[in-house]
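[1] Here is the input, now give the coordinates:
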Amino acid sequence: MAFGKILVVDDEEDIRKTLALFLESKCDEIIEADGVAQTIYHLNRLIPDIIFLDIMLPGLDGIEILQMIKKYDENVPVIMMSGYATEDMAKKTLSIGAYDYVRKPFNLDRISSMLSVIDLANFA
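    Take a look at the predicted model:
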């Protein structure tokens with residue numbers, strides 16, 4: 001399993017760095033963004049193979065950013081992340097087009113399983 005680029009968007013540096021470190025062996029390049037401005041900057045330069053997106057960000061929330069991402073590329077898998085969101089919030093993100101939803105702290109086995117499914121779908 002190897003992806004080209006994975007974008008990790010989270011305003012909490014420890015969480016962003018931990019996830020980036022975990023994902024490092026699963027892709028060619030990790031791109032990190034700590035908020036809306038950096039996310040928009042990166043999306044104007046590239047469409048990553050996968051995006052991990054925090055729901056609770058300063059400025060625009062993750063749902064608004066998810067809607068923007070889907071305008072750039074409706075097919076890019078976006079995995080929403082949150083330590084606070086409710087089941088209703090998760091359902092809302094899925095209805096907008098998120099691929100899946102994970103709670104913080106992360107279950108890394110679950111993330112690995114999601115990546116395997118995405119990888120298989122890309123080559124089916």
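[2] for Leu60, helix, strand, or coil?
    Assigned with DSSP: H, G, I helix; E, B strand; the rest coil, Leu60 falls in the coil class.
[3] Can you name the residues that contact the residue nearest to the spatial centre of the chain?
    With distances taken as C-alpha atoms, centre = their mean, the residue of the chain nearest its centroid is Phe52 (1.3 Å). Residues in contact with Phe52 (C-beta atoms under 8 Å, 6 or more residues apart in numbering) are 6-10, 19, 23, 78-79, 81. (Each C-beta comes from the backbone N, C-alpha and C, glycine too.)
[4] That one should be in a strand, yeah?
    Yes: Phe52 forms part of a strand when assessed by three-state DSSP.
[5] What about Leu19, how many residues nearby?
    Using other C-beta atoms under 10 Å, Leu19 has 23 neighbouring residues.
[6] following whichever strand or helix holds it, which helix or strand shows up next?
    In this structure, Leu19 sits in helix 13-23 according to DSSP states H and E. Toward the C-terminal end, the helix or strand that comes next after helix 13-23 (DSSP H and E) is strand 27-33.
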